[in-house]
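Asker: Pasted the sequence and its predicted model underneath.
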Amino acid sequence: MKLELDYEPYSKQLEFHNSPKKFKAFVAGLGSGKTMAGSVEAIKTMIECPGSFGAILAPTFPMLRDSTIRTFLQLLPQSLIKNYGRMEQKIILINGSEVIFRPCDDPTTIDRIRNINLGWWWIDEGSLVPEYAFKVLVGRLRNKTGPLKGWVTTTPKGFNWIWERWEKEKNPNYHLVRAATTENPYLPEDYVKTMKREYTGVFAKQEIYGEFVGYEGVVYPEFNRLTHVIDAAKIKFSEIIAGVDFGFTNPSAIAIIGFDYDGRAYVIREFYQTHITDTELAKWSKENLKEVRRFIADSANPSGIQEFKNMNMNCKGVVKQSGEKEKSFVEAGIKRIASRLQSADDGRPRLFVDKSCVNTIMEFENYRYPETKEEHPMKELPLKIHDHLMDAIRYALEEKRHKFVMAFA
Ligand SMILES: Nc1ncnc2c1ncn2[C@@H]1O[C@H](COP(=O)(O)OP(=O)(O)OP(=O)(O)O)[C@@H](O)[C@H]1O
Ligand SMILES: [Mg+2]
């Protein structure tokens, strides 16, 4: 069978297709053509090996259905399909080649592929899949009708099992192709521009440039866009307060935080601007933050606090416990925020961020400790970069704790 697909790979996709290695990985930025390259590789294999049996896997069924299968079907010429069994998630081609689609994000779904013999497989979004899935799949590659090859397409996620196998160990059976979002010539220009604007720091390295980056130095590794960033528009709040971090050359930052009736905190608005005086900041707050009941500000700047008071706003400096040193005060505050970011007994965290608060999200992802020097345990405070809204949130939540203590006293 010979046919032409409506697909012209760009250089990195071509490198991926041309690699003859048993296990290859296309690790690249968002929208860099990973799913497309993985699909074409699957179609090519099915055509070249008549009667072969393979599997296409993705973390969850919705991801499979909405992205992986959709792209695969867009590329696969209709005329080649003999049968598409939607119920059993299986496609048979007219040359007898067969492919099944399976989710593989947890042991139960992975165990369903334990007893089949595959000629090839492809995992899309492999970083979101446990290493266990890869190990099981390696053991399934023994159906002689196929090339006995497996490939993974994914954005990187730190130093995980993909990094270990494809980057660190440099096993001769493995081939790694890395690409950046910006290398895909088929993306709309605006998409790349927006990505560059929205993603900064370590996160940009990972999501745009497809680099393996470490998260050891990140202050809030618990923070995750999928879990913590929500649309807070419809939530009802029992009270709204704000944390204020004064700046001038650095941004002045205000985090406006609503509390629901269960005490969960939501950063619902943010202010983030350089070159604004404390007087201007107070004036802006007076005009724009009428819903805020109390402002809790950096106590190191009494004159800034006074500006708020002069305009009849309820503003006070964050209160340390008596005798508490600055360092332990900051550490305790960070710990409290980290514990709010973790899921509570009901599976939900106690701190969320509205999707409009892009600087808050950026700071949560980029607020870091200094690089650790070998043999030196990390005892320092976080770097004073990307810390403005982080401090503002800490002040606001600190006040909440004092109130709590008083209520029970
Ligand atoms: N070789 C190509 N020819 C034409 N269009 C392409 C090619 N490669 C990628 N694209 C286009 O680029 C866009 C992104 O492709 P694709 O969905 O495969 O990327 P992805 O890396 O899997 O994205 P995501 O990170 O969202 O999973 C799509 O619109 C796709 O059609
Ligand atoms: Mg994809």
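Answerer: On my side now, so go ahead. Ligands and ions are numbered 1, 2, ... in the order given.
Asker: give me every residue that touches the residue of the stretch 101-250 of the chain found nearest ligand 2.
Answerer: At 6.1 Å from ligand 2, residue 124 is the closest residue in the stretch 101-250 of the chain, using C-beta to the ion. Where C-beta positions appear, they are placed from N, C-alpha and C, glycine not excepted. Going by C-beta atoms under 8 Å, 6 or more residues apart in numbering, residue 124 touches 34, 35, 38, 56, 57, 58, 63, 64, 67, 68, 153, 154.
Asker: Can you check the pLDDT for residue 221?
Answerer: pLDDT, residue 221: 87.
Asker: Any idea how many residues pack against the residue in the stretch 251-400 of the chain that ligand 1 sits nearest to?
Answerer: Minimum separation of the stretch 251-400 of the chain from ligand 1 (C-beta to the nearest ligand atom) falls at residue 365, amounting to 17.5 Å. A count of neighbours around residue 365, defined by other C-beta atoms under 10 Å, yields 24.
Asker: And the host helix or strand of it, what does it pack against?
Answerer: Residue 365 belongs to helix 358-366 when assigned by DSSP states H and E. With contacts defined as 3 or more C-beta pairs under 8 Å, 6 or more residues apart in numbering; DSSP states H and E, helix 358-366 has these neighbours: helix 201-207, strand 265-273, strand 351-354, helix 388-408.
Asker: Please export the C-alpha coordinates of it as PDB.
Answerer: C-alpha atoms of helix 358-366 as PDB (Å, rounded to 0.1, in the frame of the first residue of the first chain):
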ATOM      1  CA  VAL A 358      -1.800  36.300  35.800                       C
ATOM      2  CA  ASN A 359       0.900  37.800  37.900                       C
ATOM      3  CA  THR A 360      -0.100  35.800  41.000                       C
ATOM      4  CA  ILE A 361       0.100  32.700  38.900                       C
ATOM      5  CA  MET A 362       3.400  33.700  37.500                       C
ATOM      6  CA  GLU A 363       4.900  34.400  40.900                       C
ATOM      7  CA  PHE A 364       3.600  31.100  42.400                       C
ATOM      8  CA  GLU A 365       5.400  29.300  39.600                       C
ATOM      9  CA  ASN A 366       8.600  31.400  39.800                       C
END
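Asker: for that helix, what is the average pLDDT?
Answerer: On average, helix 358-366 scores 87.
Asker: now do stretch 157-170
Answerer: 90.
Asker: Quick one: end-to-end distance for that stretch.
Answerer: Distance between the boundary residues of stretch 157-170 (C-alpha to C-alpha, to the nearest Å) amounts to 18 Å.
Asker: Return the residues in contact with the residue of the stretch 201-350 of the chain found nearest ligand 1.
Answerer: Nearest residue of the stretch 201-350 of the chain to ligand 1 (C-beta to the nearest ligand atom) works out as residue 207 at 8.5 Å. By C-beta under 8 Å, 6+ apart, the residues touching residue 207 are 29, 30, 155, 181, 195, 199.
Asker: Restricted to helices, list those.
Answerer: residue 195 (DSSP state H).
Asker: top of the contacts of residue 207 by neighbour count?
Answerer: residue 29 leads those on contacts (other C-beta under 10 Å) with 27 neighbours.
Asker: how much space between the residue in the chain that ligand 2 sits nearest to and ligand 1?
Answerer: In the chain, the residue that lies nearest ligand 2 is residue 35 (3.2 Å; C-beta to the ion). Distance, residue 35 to ligand 1, by C-beta to the nearest ligand atom, to the nearest Å: 3 Å.
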